[in-house]
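# Just need the structure, nothing else, for what follows:
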Amino acid sequence: SRRLNALPSRPRRAAARPRASPCAPAASSSEPPPPPSSADIVQTKAEVSNTEVSNTEVVATKEAMPHRFRVVFLVFISFIICSMDRINLSVAILPMSQEFNWPASISGLVQSSFFWGYVLTQIPGGYIAARFGAKRVLSFGVVAWSLMTFVTPMAAGSLPGLLLARALLGIGEGVAMPAMNQIISQWVPDSERARSLSLIYSGMSMGSVVGLLMCPWLITGFGWQSVFYVFGALGFAWYAFWQGAVDESPETSTRTSQAEKDLILDSKRAAGVDGAAENAPSLRAILSEPAMWAINVAHFCNTWGYFVLLTWLPTYFNTELGFKLSSSAALAVLPWLTMFVSTNIGGFIADKVLRARYNLPTTSIRKIMQTMGFLGPAFFLFLVTTTHTPALAVLYTALALGTGSFSQSGVYSNHQDLAPRHAGLLLGVSNTFAAVPGIVGVALTGFILDATGSWNVVFGIAIGFYLLGTVVYNLLASGDGSFDDEAPRLRLGGGGVVGGGGGGGGGRFEAVGERAGDGLVGAAEEGAGKFPDVVDW
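So this is what the prediction gives:
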C-alpha cells in the first residue's frame, strides 16, 4: 500500500502492470513512442500492398462495377448490333428491289442467303468457343459480320456476289449465340443467369427497334447503301472496346476482384461445373436424348415464325398495310419494342412467380413458359388473318412477337439446364435446326407471295408450326439435367460431361453412377445431376 500510494496519480495504467520478475530486465523508463506521421502511414500501406495484395486485386479495385456486369452489358450491345445487321436488309430490300427490279421470290432468296452461312457455324461455333475461348470466337464473329455488312453495297451489283456476302455475314453471326452461352457459363453465377440471358436475348429485339428507326432516316437522307456502311462501322467500334475492356475468363482475369472471383467460382463448384469444358459429347450422343429433340423441334418451330416476321414484316407493313416506314417508324417498331419488354417480363414470371411463389420444378417452368411462347403467337397471328384494319394488324403482330418472347424462359434457357459446361455446344446443335426456317421459310414466303399474293397462307404455316412445337415440347422436354435411367444420362455434378469409362464410352454423356469396364454400375443419389435453376433476380 505504501508503495502504491507513493506512485504518481496520473499514470494509473502503470500501476496495473504485474510486478517484474527479479530476473527480468529492467523496463525502459522512456515515454511511449509518438504516433506515426501521415507519411509513415502511407509508406506502411504501400509496403503492405506490395507484399500482401496480388496484382489482380490491385487492378480490380479500379473497376467501377463488377467485371461480370461489364461482360454481360457488352455482349448485350453485340446482340443489338447483330440484330441491326439483320434487320437493315429487311428495310433496304424495298428500294433495292425497285432499283434492281427484283420480284418477291428474288427478294426472299437474297434475304434467306444469310442463313446459308448461319447454319454452317452453329455446331462448330460451340466446339470452338469451348476449346479456344468464347471471347475470341465472339470477337471473330462480330468482325466477320461487320465486314460483310460494310461490303454489301459493293456486292449488290451482282446477285451471286450479294448472295455470297450475305452468306459470309451469316457465318459470322452464326457463332454469336454459342459463344454467348459459353461466356455466360464462364462469367455469371447461377443466381444472376436468368436476368443476364433475358437481357442479352432482348438485345435482338432492341436491335430491331434501333434498326427500324434508323434505316428509314438513313435511306431517305443518304440512300440505301448508307445503312450498311453505318451499321458495319458500329461493329468495328464495338470490337475495339471489347478487346480492351473484357478478360477471357474469371480465372485468368486481371480486372476481377478476389471477392467476385470467389462468387463466380463458388457458384460453379456448387453446380458441379467448375473446370474446363473438356471431352465434349459427340453429336450422336446429343441427338440420342429425347429432351434434346424437344429443344431441337421447339427451336425450329419457334424460329419459323420469328424469322418470317423478322425478314418480311417491313414488306408486309409497306405492301399490305400501306405504311411508309419513313413516316410511321414508331408504329413499325411497336412489335419489336413489345418483344424487348416481354422478354424481360418472361424471365421475371419464370423465376419470381412460378418458382419462388409456387415452387414449381424446372421442367414444369420450362413447359409453361414455352407453351405460352407458342400458343400466344399462334392465337394473335390467327387474329392478323381476320382483320383488314392496319392498326389492329400492328397490334396483333406486336402481341404475337411479345408472347413469343416467353420462349427465352422456355426452350432458350433449357440448354443451361441440361449441360451448363456445354451449353454453347447444345445451343449450336439446336440453332442448326433453327436456322433451317431461315433458309426455307424466308425463301418460301417470297414464292408464296409471287404465286398467291396471300399473307394468310404465310401466317397459317407459322401457326401450324407453333402448334406442332407445343405438342412435341410438352411430351419430351426435361429441365432436370438427367434422362432415362437405362441410358447414360447427362449429369451436371462432379466431372460434368465426360467421355465415358474404360475407353469404351468416348463422346457420350456421363452416366449417373460409376462405369466399371463395359458396364454401368452403382446408383445415383436422388436428384443427382440436377442443375439448381436460377431463382434470384
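# so how far is stretch 413-427 off the chain centroid?
Centroid separation for stretch 413-427 versus its chain: 11 Å, with Cα atoms, centre = their mean, to the nearest Å.
# Now that stretch: buried residues?
Judged by neighbour count (16 or more other Cβ atoms under 10 Å), stretch 413-427 contains these buried residues: 413-427. For every residue, glycine as well, the C-beta is placed using N, CA and C.
# Could you list the low-pLDDT ranges of this protein?
Along the chain, the parts satisfying pLDDT under 70 run over 1-64, 270-279, 325-330, 355-356, 481-537.
# Strands along that one, start to end?
With strands called from DSSP state E, the chain shows them at 514-516, 519-521.
# Helices of the stretch 101-250 of the chain, start to end?
Applying DSSP state H, counting those that start in this stretch to the stretch 101-250 of the chain gives helices spanning 104-118, 122-132, 134-155, 159-174, 176-187, 193-222, 225-245.
# Deepest-packed of those helices, please.
Highest mean neighbour count among those (mean count of other Cβ atoms under 10 Å): helix 176-187, with a mean of 28.
# Export only the CA atoms of that helix, formatted as PDB.
Backbone C-alpha positions of helix 176-187 (Å, rounded to 0.1, in the frame of the first residue of the first chain) are rendered in PDB as follows:
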ATOM      1  CA  ALA A 176     -22.600 -15.400 -81.700                       C
ATOM      2  CA  MET A 177     -25.100 -17.400 -79.700                       C
ATOM      3  CA  PRO A 178     -22.900 -20.500 -79.000                       C
ATOM      4  CA  ALA A 179     -20.100 -18.100 -77.900                       C
ATOM      5  CA  MET A 180     -22.600 -16.000 -75.800                       C
ATOM      6  CA  ASN A 181     -23.800 -19.100 -74.000                       C
ATOM      7  CA  GLN A 182     -20.200 -20.100 -73.200                       C
ATOM      8  CA  ILE A 183     -19.500 -16.600 -71.900                       C
ATOM      9  CA  ILE A 184     -22.500 -16.700 -69.600                       C
ATOM     10  CA  SER A 185     -21.500 -20.100 -68.300                       C
ATOM     11  CA  GLN A 186     -18.000 -18.800 -67.500                       C
ATOM     12  CA  TRP A 187     -18.800 -15.400 -66.000                       C
END
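# now that helix and helix 122-132, what's the angle there?
If you take axes from the mean of the first three to the mean of the last three Cα atoms, to 10 degrees, helix 176-187 sits at 30 degrees to helix 122-132.
# okay, the angle between helix 176-187 and helix 193-222?
Using the same axes, to 10 degrees: helix 176-187 against helix 193-222 is 140 degrees.
# Give me the distance between helix 176-187 and the centre of its chain.
6 Å.
# and that helix, what does it pack onto?
For helix 176-187, the packing partners by 3 or more Cβ pairs under 8 Å, 6 or more residues apart in numbering; DSSP states H and E come out as helix 67-100, helix 122-132, helix 134-155, helix 193-222, helix 411-418, helix 423-452.
# how does it look with 6 Å?
If you count contacts as 3 or more Cβ pairs under 6 Å, 6 or more residues apart in numbering; DSSP states H and E, helix 176-187 packs onto helix 67-100, helix 122-132, helix 134-155, helix 423-452.
# What lies in contact with it?
68, 71, 75, 82, 125-126, 129-130, 134, 137-138, 141, 196, 249, 420, 423-424, 427-428, 431 (Cβ atoms under 6 Å, 6 or more residues apart in numbering).
# could you redo the last one with a cut-off of 8 Å?
67-68, 71-72, 75, 78-79, 82, 122, 125-126, 129-130, 134-135, 137-138, 141-142, 193, 196-197, 200, 249-250, 264, 273, 277, 415-416, 420-421, 423-425, 427-428, 431 (Cβ atoms under 8 Å, 6 or more residues apart in numbering).
# That helix versus helix 411-418: what angle between them?
Angle of helix 176-187 versus helix 411-418, following the same axes, to 10 degrees, is 40 degrees.
# could you check the angle helix 104-118 makes with helix 176-187?
Using the same axes, to 10 degrees, helix 176-187 lies at 40 degrees relative to helix 104-118.
# and helix 176-187 with helix 67-100, angle?
Using the same axes, to 10 degrees: helix 176-187 against helix 67-100 is 170 degrees.
# thinking again about what came up before, next, format the helices and strands packed on helix 176-187 as a markdown table and append distance to Gly402.
Shown next, in a markdown table, are the helices and strands packed on helix 176-187 (distance: least, Cβ to Cβ, whole Å):
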| stretch | distance to Gly402 |
| --- | --- |
| helix 67-100 | 16 |
| helix 122-132 | 26 |
| helix 134-155 | 27 |
| helix 423-452 | 20 |
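# for those, which one sits closest to Pro335?
Of all the helices and strands packed on helix 176-187, it is helix 67-100 that lies closest to Pro335, at 11.8 Å by Cβ to Cβ.
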